[in-house]
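Chemist: Return atomic coordinates for the entry below.
(2 chains)
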Protein chains: 2
Amino acid sequence: MDDRTGQHIVAETARRSENRYGNRPTMKDVAARAGVGLKTVSRVVNSEPGVTPDTERRVQEAIEALGFRRNDSARVLRKGRTASIGLVLEDLADPFYGPLSRAVEEVARAHGALLINGSSAEDPDREQELVLALCARRVDGLVVIPAGDDHRYLEPEMKAGVATVFVDRPAGRIDADVVLSDSFGGARDGVAHLIAHGHRRIGFIGDMPRIHTAAERLRGYRAAMEDAGIPVEDEWMSLGVTDPQRVRKAAEDMLSGPSPVTAVFAGNNRVTVTVVRVIAERGRPVALVGFDDIELADLLEPGVTVVAQDAAALGRTAAERLFRQLDGNLIAPERIELPTRLITRGSGELPPAH
Amino acid sequence: MDDRTGQHIVAETARRSENRYGNRPTMKDVAARAGVGLKTVSRVVNSEPGVTPDTERRVQEAIEALGFRRNDSARVLRKGRTASIGLVLEDLADPFYGPLSRAVEEVARAHGALLINGSSAEDPDREQELVLALCARRVDGLVVIPAGDDHRYLEPEMKAGVATVFVDRPAGRIDADVVLSDSFGGARDGVAHLIAHGHRRIGFIGDMPRIHTAAERLRGYRAAMEDAGIPVEDEWMSLGVTDPQRVRKAAEDMLSGPSPVTAVFAGNNRVTVTVVRVIAERGRPVALVGFDDIELADLLEPGVTVVAQDAAALGRTAAERLFRQLDGNLIAPERIELPTRLITRGSGELPPAH
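Modeler: Down below sits the predicted model:
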């Protein structure tokens, strides 16, 4: 590979993506169909002022009808760029995102596109900054695990043809594709499983309530308890950051005192890992079901019963949806919800200790 | 944040990085100092032909003396870009890279720069394609976990001022900063630990031998065995891809037959996880020391003894080195080696089973 230059590589990949994306309608085609000038189409596509609502509507209709996309392979070739998509994660160190990221990357590679990632570190401003920086770097599409709950800042980019799919959590205040796990149903099933094994005093430790998945899982916990006619006490619920210190204190509080919980439902993999530690240190058996599978969960004693989501399927589904958009298939935004799976390994089948 | 536009965000961050990087010498300054025309400096900086060796040397000396960098903050502002650095990983799903990536990101953020990641999936061509694509997207610097062993393709970019630091594995055929863990010493210590507990028939299961860390750890295994005067048998060593199927077969082969090994040294976290499974299934105790710590290793029975590297320190050290380059501190490329730490938890202290 010594004698290959960057240009060769980029050109090769660009050719790959040209084959991939096929011939696309041009701005000229849109202008002709809408009966306006090229500059007018450019104004609409780039959300620039100076276009009457009626003209904008006609141009948009022409764009819809022709399946025109600004970020097409012709543009890729023109700029000599590699086709690329961006993935905005929430935490680079969370193992849940490993298989998700790799699945997105495999789909991207199958389409001759590069994947570039970034992390919002659960900060909405950081998310927006990163998303816009990736758009400024001309990614053809974005898979976003949102930290914020208002994504109207993305509308101009999406209108300009940046394909966008949200995954793991929904978009806020815009109409966009989203691929989720059934957090509500999964949590409800996991808590119902504990109730079926005789537990009534069941604790819930989850992530910050403003995070959609955390709120949905709490809702699932409440639903299961209500279905069983068990009134939930405030001390049984603890939501907040999932760092070990916070989770450890929450678990120790629930497991101490005059009437401790006999079972804990852990709202995600980070919480589960810490709760497993706290339970192991206390000797007295406590039933546990965790949301998200964790590595080696089956080799612990007892094995950790989990509500597993398919992180790879989330990433794959989102990425395939993204490339359907990039291929110019005009599809109305959809909310796709993937089922979870209860995996019993022992910790969730322990009876209440009295 | 509703009323903020992308431009505001980008401009804000660009200002941050301007303050950060300060005023830099320009091509004009270089041209003046070298006593050549601007076009000549541009030719040298962009590695274009038509410059005599003597002139190139004079220009390079001026660049050195002035600490000129092409990717300076003026350029950032001119392009209205957010300062950014790229991180090229080997596998997005390997938990070892989680803390490393997050550490790089934290340092980048502290310098007002964005981090964008990509993965080579252990493919040298993919690594080159990704690196050049990131350069084409004007990253200010690169932290690279290399998949390939020839990085001369990066020389034009580095000459053009793209700061570059290699981490976890060294660069090939170029002179560059590299931050490594002491794979040789760590493996030697881990194997010596098994020998000290009475083992002589010790197996080594590692990653592909072309990978620097795998080769270094094998070298450490051989050194420890030689120091103890134990001749190593070929069936005790298995190097290859670290997927569960391959590792499982390698472990089962070593643990079967007329004279099985009594202990296994696992060359990395992926190998350890599978070997732990195989040993758990077989009932008969087998001693195990793994390179890299793994989550929940302390809660398994027995706990898994590991040679731990500090993944976060690797990322932090590499990123800080990168920003020292970006700040224009002209420092000769260095090879920085971080120590490993043996953590005894039980599996490595088991006596040989006969």
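
Chemist: quick one: low-confidence ranges for chain A?
Modeler: Low-confidence segments of chain A (pLDDT under 70): A:1-25, A:46-47, A:67-82, A:330, A:354.

Chemist: Domain boundaries for it, per the record?
Modeler: If you go by the TED database, the domain ranges for chain A are A:16-68, A:80-181+A:311-338, A:183-310.

Chemist: so which of those comes closest to chain B?
Modeler: domain A:80-181+A:311-338 (3.6 Å; CB to the nearest CB). C-beta: built from backbone N, CA, C; applies to glycine.

Chemist: Quick one: distance of that closest one to the chain centre.
Modeler: The chain centroid and the centroid of domain A:80-181+A:311-338 are separated by 8 Å under CA atoms, centre = their mean, to the nearest Å.

Chemist: repeat for stretch A:184-203
Modeler: Counting by CA atoms, centre = their mean, stretch A:184-203 is centred 25 Å from the centre of its parent chain.

Chemist: So which residues of the stretch 201-350 of chain A form strands?
Modeler: Applying DSSP state E, counting those that start in this stretch to the stretch 201-350 of chain A gives strands spanning A:202-206, A:237-239, A:263-266, A:287-291, A:305-308, A:335-338, A:341-343.

Chemist: distance of A:L100 from B:V104?
Modeler: 20 Å (CB to CB, to the nearest Å).

Chemist: Give me every residue in the stretch 201-350 of chain A lying close to chain B.
Modeler: With CB under 8 Å from any CB of the partner chain as the criterion, the stretch 201-350 of chain A meets chain B at residues A:V273, A:V276, A:R277, A:A280, A:I294, A:E295, A:L296, A:L299, A:L300, A:E301.

Chemist: Need the residues you listed in TSV (columns: neighbour count and distance to B:E90).
Modeler: Conversion of those to TSV gives the following (neighbours: other CB atoms under 10 Å in any protein chain shown; distance: CB to CB, whole Å):
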residue	neighbour count	distance to B:E90
A:V273	23	24
A:V276	22	29
A:R277	17	30
A:A280	14	33
A:I294	22	23
A:E295	15	19
A:L296	20	22
A:L299	20	26
A:L300	18	29
A:E301	11	33
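
Chemist: how near is the nearest residue to A:G141 once chain neighbours are set aside to A:D327?
Modeler: Take A:G141 and drop its neighbours on the chain: the residue closest to it by CB to CB, 6 or more residues apart in numbering or on different chains is A:A163, 3.4 Å away. A:A163 is 9 Å from A:D327, where distance means CB to CB.

Chemist: Next: A:E56.
Modeler: Distance from A:E56 to A:D327, counting by CB to CB: 25 Å.

Chemist: Repeat that for A:G206.
Modeler: Going from A:G206 to A:D327 by CB to CB gives 38 Å.

Chemist: Over to A:M237?
Modeler: A:M237 sits 45 Å away from A:D327, going by CB to CB.

Chemist: list the contacts for A:D227?
Modeler: Residues counted as contacts of A:D227 (CB atoms under 8 Å, 6 or more residues apart in numbering or on different chains) are A:R188, A:A192.

Chemist: Now A:A93. Nearest residue, chain neighbours left out?
Modeler: Using CB to CB, 6+ apart and skipping residues adjacent in sequence, the residue nearest A:A93 is B:G98, 3.6 Å away.

Chemist: That neighbour: neighbour count?
Modeler: Using other CB atoms under 10 Å in any protein chain shown, B:G98 has 22 neighbouring residues.

Chemist: tell me the contacts of it?
Modeler: Contacts of B:G98 by CB under 8 Å, 6+ apart are A:L92, A:A93, A:D94, A:P95, A:G98, B:A311.

Chemist: again, only this time at 7 Å
Modeler: B:G98 makes contact with A:L92, A:A93, A:P95, according to CB atoms under 7 Å, 6 or more residues apart in numbering or on different chains.

Chemist: most surrounded residue in those?
Modeler: Neighbour max across these (other CB under 10 Å) = A:L92, 28 neighbours.

Chemist: tally of neighbours for the residue lying closest to that one once chain neighbours are set aside?
Modeler: In this structure, A:L92 finds its nearest non-sequential neighbour in B:S101, 4.1 Å apart by CB to CB, 6+ apart. B:S101: 26 surrounding residues under other CB under 10 Å.

Chemist: Touching, B:S101 and A:D94? I think so.
Modeler: No - with contact defined as CB atoms under 7 Å, B:S101 does not reach A:D94; the gap is 10.8 Å.

Chemist: do stretch A:143-161 and chain B meet at all?
Modeler: Yes - interface with chain B: stretch A:143-161 contributes A:D150, A:R152 (CB under 7 Å from any CB of the partner chain).

Chemist: wait, isn't A:P352 in contact with A:T262?
Modeler: Yes - contact criterion CB under 7 Å: A:P352 and A:T262 qualify, at 3.8 Å.

Chemist: between those two, who's got more neighbours?
Modeler: Neighbours were counted for A:P352 and for A:T262 using other CB under 10 Å; A:T262 has more, 23 against 17.

Chemist: if I read this right, the more buried one contacts A:L288, doesn't it?
Modeler: No - the pair A:T262 / A:L288 is not scored as a contact, 10.6 Å apart, by CB under 7 Å.

Chemist: Contact residues of the stretch 51-200 of chain A facing chain B?
Modeler: A:81-82, A:84, A:92-93, A:95, A:98-99, A:101-102, A:105, A:114-119, A:124-125, A:128-130, A:132-133, A:136-137, A:150, A:152.

Chemist: List only buried entries from the residues you listed.
Modeler: Using 16 or more other CB atoms under 10 Å in any protein chain shown as the burial test, these include A:81-82, A:84, A:92-93, A:95, A:98-99, A:101-102, A:105, A:114-119, A:124, A:128-130, A:132-133, A:136-137 as buried.

Chemist: Pull out the buried residues from stretch A:52-61.
Modeler: Quick answer for stretch A:52-61 (16+ other CB under 10 Å): A:T55, A:E56, A:R58, A:V59.

Chemist: roughly how far apart are A:S84 and A:G267?
Modeler: A:S84 is 34 Å from A:G267, by CB to CB.

Chemist: Let me fix that, I meant to ask about A:T242.
Modeler: Counting by CB to CB - A:T242 and A:G267 are separated by 8 Å.

Chemist: Next, show the common contact partners of those two.
Modeler: A:D207.

Chemist: Settle it for me: which of these two has more neighbours?
Modeler: Between A:T242 and A:G267, A:G267 has the larger neighbour count (other CB under 10 Å), namely 30 against 25.

Chemist: Contact partners for the closest residue to the more buried one other than its chain neighbours?
Modeler: Spatially, and ignoring its direct neighbours in sequence, A:G267 is nearest to A:G206 (2.9 Å; CB to CB, 6+ apart). Applying CB under 7 Å, 6+ apart to A:G206 gives the contacts A:A214, A:R217, A:L218, A:L239, A:G267, A:V271.

Chemist: Farthest pair within those residues?
Modeler: A:L218 and A:V271 (12.2 Å; CB to CB).

Chemist: neighbour count winner among these two?
Modeler: Between A:L218 and A:V271, A:V271 has the larger neighbour count (other CB under 10 Å), namely 28 against 21.

Chemist: sorry, back to before: could you tell me the angle between the one helix or strand the residue nearest to A:L92 maps to and helix A:97-110?
Modeler: Secondary structure from DSSP states H and E places B:S101 in helix B:97-110. Computed by axes from the mean of the first three to the mean of the last three CA atoms, to 10 degrees, the angle separating helix B:97-110 from helix A:97-110 equals 80 degrees.

Chemist: Could I get the CA-only coordinates of helix B:97-110 as PDB?
Modeler: C-alpha atoms of helix B:97-110 as PDB (Å, rounded to 0.1, in the frame of the first residue of the first chain):
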ATOM      1  CA  TYR B  97     -11.000   1.200  24.200                       C
ATOM      2  CA  GLY B  98     -13.900   2.700  26.100                       C
ATOM      3  CA  PRO B  99     -11.900   4.300  28.900                       C
ATOM      4  CA  LEU B 100      -9.100   5.100  26.500                       C
ATOM      5  CA  SER B 101     -11.500   6.900  24.100                       C
ATOM      6  CA  ARG B 102     -13.200   8.800  27.000                       C
ATOM      7  CA  ALA B 103      -9.800  10.000  28.300                       C
ATOM      8  CA  VAL B 104      -8.900  11.300  24.900                       C
ATOM      9  CA  GLU B 105     -12.200  13.000  24.700                       C
ATOM     10  CA  GLU B 106     -11.900  14.700  28.100                       C
ATOM     11  CA  VAL B 107      -8.500  16.100  27.200                       C
ATOM     12  CA  ALA B 108      -9.800  17.300  23.800                       C
ATOM     13  CA  ARG B 109     -12.800  19.000  25.500                       C
ATOM     14  CA  ALA B 110     -10.500  20.700  28.100                       C
END
